[in-house]
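**Student:** Task: produce atomic coordinates for the following.
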Amino acid sequence: MTSYAVVELNEIRPRGSAHKPVKAVAYRTRREFGQGLQAAITALHTLGHDEPKALILSTHGYRLTGTSFKALDSPVNLWEFGDAFGVLPPNLVVYLSACWGAYPGAIAPIQSGTTPPYVVGPLLDIYPYDANEMENGLLDLLASGPPSRRGLYRLIRRYNEDTEMRREDYGSRRWLFGMQDQEGNFFPRPAIGNQLATRTEEPDEFVVRELVYTETAHGPVACEVEDSQGRRWQADIAALTPQDPDGPTRLIGQRFKAIYQVSMRDDLPDHVYQHTLSGLPMIRLVEIQPA
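**Tutor:** This next block holds a predicted model:
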């Protein structure tokens with residue numbers, strides 16, 4: 001049995017009895033979304049450390065935004081609720097049951113805290129039936145034990161390789177679902193760059209300026225990089241450590257080229273950036289090579 005919490009637009013759908021909801025919250029307004037999200041995460045913290053857990057955000061997504069969900073009064077941007085994701089319980093999978101949920105702009109705020117969870121979601125304008133089927137499959141998978149990258153990837157691959165469903169419902173589009181693991185690795189890797197909500201930028205040259213630490217981690221968890229135009233970004237350090245196996249501190253001052261995706265839109269108000277570890281907008285490095 002999987003323990004899960006769900007925050008859902010308007011009303012809570014009936015779910016099977018095989019899994020136990022520890023909290024189910026329906027929201028209508030943006031404010032109610034924030035309250036429901038905090039209540040759901042608080043409920044998940046009451047569960048055992050080793051118990052598999054799922055947080056389901058079930059709503060509608062706005063096309064080509066990457067982060068915005070629907071509410072009756074105004075769009076919900078996950079970065080506005082970044083504090084709620086600051087400390088998440090272990091063995092957690094967040095399922096974004098919303099169109100275009102698994103884009104960098106939606107995943108980044110969820111993984112911006114000290115204990116990044118696995119994040120799973122659709123890569124296109126998913127039909128509710130298929131989103132619900134994935135949700136049931138995810139809960140069934142977690143019922144067998146704590147989440148693992150291999151298990152989640154196999155589940156996603158099962159749907160992505162359903163050629164009949166892709167042909168009949170999605171015009172043979174290749175990727176239906178995606179996931180990002182706790183280290184910031186995205187699967188399926190070939191889908192990177194095909195994500196409509198967050199476009200892939202042309203290669204730029206970057207230099208590592210600073211490392212970003214937290215009070216609980218033993219080493220740096222992110223870094224500040226500067227691009228060729230002098231703009232500073234927060235980037236995931238895990239993508240860069242293979243470039244220097246001798247240690248992350250040697251990365252400071254190193255230059256590299258990378259294709260990247262902006263994980264936080266530039267038109268957000270300045271106060272939103274306080275939810276990142278560095279206070280900077282975030283980018284996701286896609287393909288990296290030495291400069």
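
**Student:** ok now do residue 42, which residues does it touch?
**Tutor:** Contact analysis of residue 42 by C-beta atoms under 8 Å, 6 or more residues apart in numbering lists residue 23. Bear in mind the C-beta positions are built from the backbone N, C-alpha and C, glycine included.

**Student:** For it, give its distance to residue 11.
**Tutor:** 21 Å (C-beta to C-beta, to the nearest Å).

**Student:** quick one, helices of this structure?
**Tutor:** Along the chain, the segments classed as helices by DSSP state H run 30-45, 104-110, 128-142, 149-160, 163-170.

**Student:** can you tell me how far the residue positioned nearest the centre of the chain sits from residue 91?
**Tutor:** Closest residue to the average C-alpha location of the chain: residue 107 at 2.0 Å, with C-alpha atoms, centre = their mean. Residue 107 is 18 Å from residue 91, where distance means C-beta to C-beta.

**Student:** Measure how buried residue 291 is and give me the count.
**Tutor:** Residue 291: 13 surrounding residues under other C-beta atoms under 10 Å.

**Student:** Skip the chain neighbours and tell me the closest residue to it.
**Tutor:** In this structure, residue 291 finds its nearest non-sequential neighbour in residue 255, 3.8 Å apart by C-beta to C-beta, 6 or more residues apart in numbering.

**Student:** partner residues bridging the one you found?
**Tutor:** residue 207 (DSSP bridges).

**Student:** That one contacts residue 206, doesn't it?
**Tutor:** Yes. Counting by C-beta atoms under 8 Å, residue 206 is a contact partner of residue 255 at 6.9 Å.

**Student:** any residues in contact with both of the two?
**Tutor:** Joint contacts of residue 255 and residue 206 (C-beta under 8 Å, 6+ apart) are residue 291.

**Student:** With neighbour numbers in mind, choose between those two.
**Tutor:** Applying other C-beta under 10 Å to residue 255 and residue 206 shows that residue 206 carries more neighbours, namely 26 against 13.

**Student:** correct me, but that one touches residue 253?
**Tutor:** No. Using C-beta under 8 Å as the test, residue 206 is too far from residue 253 to be in contact (11.5 Å).
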